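[1] Make a model of this:
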Amino acid sequence: MREQETIFADIEPLLKSVGLELIEFGLSRRHGAIEARAMVYAPSGTGTNECAKAYRLIYPRLQVILGVEDVYLEVSSPGIDRLIRSTREYGIFVGKGLRVLLVNESEWIFGRIESVSEKTLVLSRPEGSISIELDAVAKARLDSTQGGD
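    Next up is the predicted model:
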């Protein structure tokens, strides 16, 4: 397992314990400096307070795991129109508005994420639910225009 995957696995449950989801984690070493980036999400809203809470939890863990005192850590939120990058993320954003572009299609499909499995995404729409094979998805973005986000 790569170093950043190991760290992700270590800090993810720590953040979950305070109601935060770890969306992404990246680590790089350049010229002796260590830079870490974490993206976190809270279903109730992800603002500066949630990012600060995540920072206070992640920073000391990184110091211990990496055995260094000085780590540059940046914590951010996913943003209102985040490009979905993995099946795992669909599950994190259940209930949120989503727009999906299918392979070989030119029109976006809009709906709220109702559920997701390994192979299928179900969107709730005013005219009823629609099931989409994940292999058919070319691109998917969160969509705050659908309200309630």
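
[2] Work out which residue lies at the spatial centre of this structure.
    Nearest to the mean C-alpha position of the chain, by C-alpha atoms, centre = their mean, lies residue 23 at 2.9 Å.

[3] got a pLDDT number for it?
    Per-residue pLDDT puts residue 23 at 95.

[4] Got the domain ranges for this protein?
    Per automatic domain parsing, the structural domains of the chain span 3-76, 87-146.

[5] Give me the phi and psi for the nearest residue to the residue nearest to the centre of the chain once chain neighbours are set aside.
    In space, residue 23 comes closest to residue 39 once its chain neighbours are excluded; the distance is 4.2 Å by C-beta to C-beta, 6 or more residues apart in numbering. Every residue, glycine included, has its C-beta placed from N, CA and C. Here is the backbone geometry of residue 39 (degrees, to the nearest 10): phi -110, psi 120.

[6] Could you pull up the residues touching residue 39?
    Residue 39 makes contacts with 22, 23, 24, 25, 75, 76, 77, 78, as judged by C-beta atoms under 8 Å, 6 or more residues apart in numbering.
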